[in-house]
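sequence and predicted structure below; questions after.
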Amino acid sequence: MYQIVRAPLLGAVLSMCWSGTLFAQEPLDVAIVAPNAIGDVGWDHEVVRGKEVLEERFADKINVTVVDSVGEGPNAARAMNRLVANGTDVLILGSFGHMSDGMALAKKSPDLKVLHIGGYQNLPNFATFTVRHYQASYLCGMAAGYATKNQQLGVVAAFPLPEVLGILNAYVLGARSVNPDLKPVKVVWLNSWYDPPRDRSSAESLISQGADVVYSLFPGTPSALATAEEKGVYAVTTLSDNSAHAPNKHLCAGQANFGVVYANVVQSVIDGTFEGKDTFAGVAEGAIEVAGLSKDLTDEQRAAILAKQDAMRDGSFDPFTGPVMNNAGSEAIASGKTLNTSEIKSMDFLVQGIDSRLQN
């Protein structure tokens, strides 16, 4: 079973949950902490949707509590500490900003097991994982390259961080692989994970500059998607299939499945084999896939996209295999070289065909 708890109500609910009789063999208590309110798509939705995989796989062997609206800061530390004080065995943290408080809690609670989404620091009882969003982004880039009539793509991106750069670069590589005549891709950097008004205004700006495919890269809301739908241009997004928000113009999405990793971690806790390690999960592990492909794509185009996904799954294709040039005209990935995990996670360049510059 599971329940969703708003952070301000957490103490009262946990007191009620733990006032009953305890049995000798109790279910494992798992808590999922989401940074914002839960919508029907996007980051927080996917963080919480992972509970469905846990419930299906473990049934009554676990109890799942979901706490949303826990942004970084003092409130996060209080919420985490309260969960652990009331018996949480496995704590799943859904924000990069939860890292410091989560690490501090893990250090003083050696029996606690923590899984942090998007983090990069580990302890014996503190594991991390990241999804290879760039794989689905490459596939959606192919869809965009097929669909554009103006040869102009636009991207509304969150922050110029390595993970976001990897997703953006893969998207452009995918698009140019099927349409080498594309104009340089225009990018608007939000420098925010959640800004609905600027999501919308940025999409409008890109459309006014001729973009007929708008990619919402790590959206906090479906605002950019809805704008594309209103303006009659195609929409692409990360994390969730957003077809409901753009029923006519949804071109492609990268559909994340965090629950696959959650389940593996919970199983390791049950088995006594938990390791505080980093996991980089992608198509091969079932943690990401292309979804919501538009009916406007031809059968041949859809088949080509899905065939490329199969090649990612069996390891015969990797988007970051050279030669790849950066947008300053220098070699970024040498011919025959494939970037390793460390290189992908520290990406600091934009590929050829992107009309943007990174600040030093």
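Cool, the structure landed.

when you work out contacts or count neighbours from here on, use the C-alpha atoms and nothing else.
Fine.

strands of the stretch 1-150 of the chain, start to end?
Using DSSP state E, counting those that start in this stretch, the strands of the stretch 1-150 of the chain run over residues 2-6, 28-33, 62-68, 90-93, 113-117, 126-131.

so which elements touch the shortest one?
If contacts are counted by 3 or more Cα pairs under 8 Å, 6 or more residues apart in numbering; DSSP states H and E, strand 90-93 sits against strand 28-33, strand 113-117.

CA atoms of the longest one as PDB?
Output for strand 28-33, consisting of C-alpha atoms alone and laid out as PDB, is shown next (Å, rounded to 0.1, in the frame of the first residue of the first chain):
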ATOM      1  CA  LEU A  28       9.900  -2.900   4.400                       C
ATOM      2  CA  ASP A  29       9.100   0.700   4.800                       C
ATOM      3  CA  VAL A  30       9.900   2.800   1.700                       C
ATOM      4  CA  ALA A  31       9.500   6.500   1.400                       C
ATOM      5  CA  ILE A  32       9.700   8.500  -1.800                       C
ATOM      6  CA  VAL A  33      10.400  12.200  -1.500                       C
END
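
and that strand, average pLDDT?
For strand 28-33, mean pLDDT rounds to 98.

show me what contacts the residue nearest to residue 233 when sequence neighbours are not counted?
Nearest non-adjacent residue to residue 233, counting by Cα to Cα, 6 or more residues apart in numbering: residue 212, 4.8 Å away. For residue 212, the contacting residues are 148-154, 233-234, by Cα atoms under 8 Å, 6 or more residues apart in numbering.

likewise for residue 309?
Contacts for residue 309 (Cα under 8 Å, 6+ apart) come out as 135-136, 139, 283, 289-290.

tell me the spacing between it and residue 341.
Separation of residue 309 from residue 341 (Cα to Cα, to the nearest Å): 19 Å.

again, but for residue 284
15 Å.

those two: which is more packed in?
The residue with more neighbours, out of residue 284 and residue 341, is residue 284; 16 against 10, by other Cα atoms under 10 Å.

got the phi and psi for that one?
In terms of degrees, to the nearest 10, the main-chain angles of residue 284 are phi -60, psi -30.

and it, what is it in contact with?
The neighbours of residue 284, taking Cα under 8 Å, 6+ apart as the test, are 312-314.

with residue 165 instead?
347-350.

in a strand, residue 201, correct?
No - in this structure, residue 201 is helix, not part of a strand, as judged by DSSP: H, G, I helix; E, B strand; the rest coil.

sorry, back to before: put the buried members of the contacts of residue 284 into a PyMOL selection.
Selection of buried members from these for PyMOL, criterion 16 or more other Cα atoms under 10 Å:
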select buried, resi 312+313
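
report the central residue of this structure.
Centroid-nearest residue in the chain: residue 239, 4.9 Å away (criterion: Cα atoms, centre = their mean).

how far away is it from residue 296?
From residue 239 across to residue 296, the span is 22 Å (Cα to Cα).

over to residue 198?
With the distance defined as Cα to Cα, residue 198 ends up 28 Å from residue 296.

for the stretch 251-360 of the chain, give me the ranges with low pLDDT.
360 (pLDDT under 70).

the helices in it, which residues?
Ranges of helices in the stretch 251-360 of the chain, per DSSP state H, counting those that start in this stretch, are 259-271, 299-314, 341-345.

which of these sits most buried?
Mean neighbour count (mean count of other Cα atoms under 10 Å) peaks for helix 259-271 among these, with a mean of 18.

what about it, distance to the chain center?
19 Å (Cα atoms, centre = their mean, to the nearest Å).

try stretch 90-97
A distance of 13 Å separates the centroid of the chain from that of stretch 90-97, by Cα atoms, centre = their mean.
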